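>>> take a look and give me a structure for this.
(one chain, ligands or ions: 1)
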Amino acid sequence: MYNIRKLTEDLTWIGGIDRKIQKFENVYKLNSGMNYNSYFLDCGATVLLDTVDKEVADIFYENLKYCLAGRALDYVVVHHMEPDHSATLAQVLDANKDAKVIVNAKTLQFISQFFPDKDYSERAVVVKDGDELDLGTHKFKYVFAPMVHWPEVMLSFDETEGTLFSADAFGSYGAINGSIFADGKDFEKDLLNLHEHRRQVRHADNCCHQQGITARHQDDLPFAFLRMAQRHR
Ligand SMILES: [Fe+2]
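Numbering: from 1, shown residues only. Predicted coordinates for the structure are as follows:
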């Protein structure tokens, strides 16, 4: 059974919703679940923009299968490697052997660290800040946004339809309640959630330092968070 929402003629939301989760990444307390956003673009080429957390993998795969309708997947765009965006990336790439993965150089490094037994470098289309790519009938521009909120984050802008795929730039907690478009959201409530998220991230960062968990390099900060989360399980 699939659960999708068509956003434009070419673009479809194919993510998943987890209403049972109590803590995001086993660290940050949640009150109303989590939403994992992934998008499918049908523009001559078939393009997947981000994947989802493993908790909603089954519905996500069903959604992707429905949108592909028997066609091959041509591209997977990775905006951010945090597991809520990318935990199912390897499964998608392994199931779609001809798909190319659009990344920046730092993301490619992260992929090799998250999936150490995989090597997707031969399938990578590595973009630089400001690069443009034509994907079928849509033209994309890639903009790097490091530390929003990991070092590898990039945004992509679909110049054809004017859609910004913003990684976590406007991220917040909470499951959507049927509203994907901005005018269906309670911004005051969502912004408060976002402030709370940032407060918790600062707290986690402080805990890392207090416990002597230090990153070997700035790029390793996510792994320092991961190690701290494992200690608190
Ligand atoms: Fe993130």
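>>> only C-alpha atoms for contact and neighbour calcs from this point on.
Will do.
>>> now tell me what touches the longest strand belonging to the chain from outside.
Longest strand in the chain by number of residues (criterion: DSSP state E): strand 138-144. Outside strand 138-144, the residues that touch it by Cα atoms under 8 Å, 6 or more residues apart in numbering are 43, 127-134, 152-161.
>>> residue 164 contacts residue 79, doesn't it?
No: judged on Cα atoms under 8 Å, residue 164 makes no contact with residue 79 at a distance of 11.3 Å.
>>> more neighbours: which of these two?
Neighbour totals were compared for residue 164 and residue 79, and residue 79 leads with 28 against 14 (other Cα atoms under 10 Å).
>>> residues touching the spatially most central residue of the chain, list them.
When Cα atoms, centre = their mean is applied to the chain, the residue found nearest the centroid is residue 85 (2.5 Å). Contacts for residue 85 were tallied using Cα under 8 Å, 6+ apart; they are 36, 37, 38, 50, 51, 52, 53.
>>> next: residue 82.
Contact analysis of residue 82 by Cα under 8 Å, 6+ apart lists residue 150.
>>> distance check, it against residue 54.
Counting by Cα to Cα, to the nearest Å, the gap from residue 82 to residue 54 is 12 Å.
>>> check residue 156 too.
Distance of residue 156 to residue 54, given as Cα to Cα: 24 Å.
>>> out of these two, which sits in the busier spot?
Legend: neighbour count by other Cα under 10 Å for residue 156 and residue 54, higher for residue 156 (22 against 17).
>>> right, and that one touches residue 162 too?
No: applying Cα under 8 Å as the test, residue 156 and residue 162 come out as separate, 10.4 Å apart.
>>> shaky segments in this structure?
185-205, 207-208, 213-233 (pLDDT under 70).
>>> could you pull out the helices in it for me?
57-68, 83-86, 89-95, 105-114, 187-210, 221-231 (DSSP state H).
>>> picking up where we left off before, which of the contacts of residue 85 tops the neighbour count?
For the contacts of residue 85, neighbours were counted using other Cα under 10 Å, and residue 51 has the most, 34 neighbours in all.
>>> and that one, what does it touch?
Counting by Cα under 8 Å, 6+ apart, residue 51 touches 15, 37, 38, 78, 84, 85, 86, 87, 88, 89.
>>> can you flag the buried ones in those?
By the neighbour-count criterion of 16 or more other Cα atoms under 10 Å, the contacts of residue 51 include these buried positions: 15, 37, 38, 78, 84, 85, 86, 87, 88, 89.
>>> list the residues that contact the residue lying closest to the fifth one once chain neighbours are set aside.
What that stands for is residue 84. With Cα to Cα, 6 or more residues apart in numbering as the criterion, residue 84 has its nearest non-adjacent residue at 4.2 Å, and that residue is residue 53. The contact partners of residue 53, by Cα under 8 Å, 6+ apart, come to 36, 83, 84, 85, 86, 87, 88.
>>> first to last residue in stretch 47-58, what's the distance?
19 Å.
>>> any idea how far residue 129 lies from residue 157?
In terms of Cα to Cα, residue 129 sits 12 Å off from residue 157.
>>> quick revisit: strands paired with the longest strand of the chain, and their directions?
Sheet pairing here is set by DSSP bridges, and for strand 138-144 it gives strand 132-135 (antiparallel), strand 154-158 (antiparallel).
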